[in-house]
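Undergrad: Generate a structure from the sequence data that follows.
(one chain, ligands or ions: 1)
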Amino acid sequence: MSERTMGSLTAQGVTWIAGGTTILDGIDVTFKPGLFTGIIGPNGSGKTSLLHLLAGVNQPSSGLVTLDGEALTSLRSRERARRVALLEQHAETGLDLTARDVVELGRIPHRSRWPGAVHDDAETIERAMHRGRVTALGDRRWATLSGGERQRVQLARALAQEPEVLLLDEPTNHLDLGHQIAFLRTVRETAPTAIAALHDLDLAAAYCDELIVMQGGHIVAHGATDDVLTAELIRDVYGVEAVVETHPVAQRRTIVWVAGGEHACRRPS
Ligand SMILES: Nc1ncnc2c1ncn2[C@@H]1O[C@H](COP(=O)(O)OP(=O)(O)OP(=O)(O)O)[C@@H](O)[C@H]1O
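TA: Alright, predicted model coming up:
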């Protein structure tokens, strides 16, 4: 990214109620600028719901989300779109666009409304496509792309947006191992502040500076990745017995599950 302005996103006492149910309850968290924070936790624990509040897609029922001290709700939608990008789990477009057109959509919040003042975004778009490894797909129609190709195009769109904060919802779902690694490395190297919901704990261990752990709509742990990712936490949150150790060659935490699963998704009392 050309500008590496780093955004500090904070949720203060955030609760979100949907369909009469409290989905998120008493969320207090500050995502440190410049870090890559992973959000982990079982299915239904509230990861996507939290990302949607952090992106301003949904409003908290109570509490406040702030970006660099300003309430997200006080920002005009155009400014919010310039500063915060969300890469959804199943990003779609109903339009007949090429991959390059989709990446170009990331520049819309930066374009002037005034005729004659439009500046050339071509370089930013090409750089984002290179970083997302989708340059060769530029002329392909969106509808013809595979799931993993679409995911990489959406990353390039988000990078073209040059946000202060990049939010990603299970971004590696459709990607093969090589592209998972390349994708998360690109996020780590180019996004100023990145926050990603992740299911793969080994990838989280490899790429995230910090982890927050969600269970039943609460944050139950937050800290440096190696401090948070323990066998005890995996047992408590996922109901899985695992061995967590530092791999002698890779020199990072690896998780080997041994048994369990019966108690997964237990809600805290
Ligand atoms: N609009 C809504 N109305 C009612 N319930 C909702 C709504 N959105 C989410 N939920 C519920 O809130 C809970 C949390 O959902 P969320 O998608 O945030 O979980 P998640 O941790 O991202 O799950 P997964 O790992 O399966 O993607 C789930 O029980 C879900 O069914």
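
Undergrad: Give me the three-state assignment for the spatially most central residue of the chain.
TA: For the chain, the residue whose C-alpha lies nearest the mean C-alpha position (C-alpha atoms, centre = their mean) is Leu168; its distance is 2.0 Å. Classification of Leu168 by DSSP: H, G, I helix; E, B strand; the rest coil places it in strand.

Undergrad: I'd like to know the beta-bridge partner residues of the closest residue to it other than its chain neighbours.
TA: Spatial nearest neighbour of Leu168, chain neighbours left out: Ala196 (4.0 Å); criterion: C-beta to C-beta, 6 or more residues apart in numbering. For every residue, glycine as well, the C-beta is placed using N, CA and C. According to DSSP bridges, the residues that bridge with Ala196 are Gly38, Leu168.

Undergrad: Count the residues that sit near Ala196.
TA: Ala196 sits with 28 neighbouring residues when counted by other C-beta atoms under 10 Å.

Undergrad: And the one 5 residues further on, by the same measure?
TA: By other C-beta under 10 Å, the residues close to Leu201 number 24.

Undergrad: Show me the beta-bridge partners of the closest residue to it other than its chain neighbours.
TA: In space, and not counting its chain neighbours, Leu201 is closest to Ile255: 4.7 Å by C-beta to C-beta, 6+ apart. Legend: beta-bridge partners of Ile255 under DSSP bridges are Val244.

Undergrad: Okay, buried residues for stretch 215-228 please.
TA: Across stretch 215-228, burial judged by 16 or more other C-beta atoms under 10 Å covers Gln215, Gly216, Gly217, His218, Ile219, Val220, Ala221, His222, Thr225, Val228.

Undergrad: now that we're looking at the fourth one, which residues does it contact?
TA: For His218, the contact set (C-beta atoms under 8 Å, 6 or more residues apart in numbering) comprises Asp25, Gly26, Ile27, Gly46, Pro268.

Undergrad: what pairs with it across the strands?
TA: Gln215.

Undergrad: The one 5 residues further on too?
TA: Gly223 has the following beta-bridge partners by DSSP bridges: Leu211.

Undergrad: a strand runs through Arg133, doesn't it?
TA: No - using three-state DSSP, the secondary structure at Arg133 is coil, not a strand.

Undergrad: That one: neighbour count?
TA: Applying other C-beta under 10 Å, we find 18 residues neighbouring Arg133.

Undergrad: I'd say it and Glu149 touch.
TA: No - Arg133 is beyond contact range of Glu149, at 9.7 Å (criterion: C-beta atoms under 8 Å).

Undergrad: what's Thr48 in contact with, if anything?
TA: Gln89, Asp169, Ala197.

Undergrad: As a check, name the ranges of all strands in the chain.
TA: Ranges of strands within the chain are 9-18, 21-31, 36-40, 62-67, 70-71, 84-87, 165-169, 193-197, 210-215, 218-224, 240-246, 253-260, based on DSSP state E.

Undergrad: related to what we said a few turns ago, what's the closest of the buried residues of stretch 215-228 to Glu164?
TA: Comparing the buried residues of stretch 215-228 against Glu164 with C-beta to C-beta places His222 closest, at 20.7 Å.

Undergrad: hang on, that closest one packs against Cys208?
TA: No - if you go by C-beta under 8 Å, His222 and Cys208 don't touch, sitting 11.6 Å apart.

Undergrad: Among the contacts of Thr48, name the buried ones.
TA: Asp169, Ala197.

Undergrad: Dump stretch 210-221 to PDB, keeping only the CA atoms.
TA: Taking C-alpha atoms only, stretch 210-221 is exported to PDB below (Å, rounded to 0.1, in the frame of the first residue of the first chain):
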ATOM      1  CA  GLU A 210      -2.400 -11.500  18.500                       C
ATOM      2  CA  LEU A 211      -5.500 -13.600  18.900                       C
ATOM      3  CA  ILE A 212      -8.900 -13.000  20.300                       C
ATOM      4  CA  VAL A 213     -11.000 -16.000  21.200                       C
ATOM      5  CA  MET A 214     -14.800 -16.000  21.100                       C
ATOM      6  CA  GLN A 215     -17.200 -18.300  22.700                       C
ATOM      7  CA  GLY A 216     -20.900 -17.800  23.000                       C
ATOM      8  CA  GLY A 217     -20.800 -14.200  22.000                       C
ATOM      9  CA  HIS A 218     -18.100 -13.200  24.500                       C
ATOM     10  CA  ILE A 219     -14.400 -12.700  24.200                       C
ATOM     11  CA  VAL A 220     -12.800 -15.300  26.500                       C
ATOM     12  CA  ALA A 221      -9.100 -14.600  25.700                       C
END
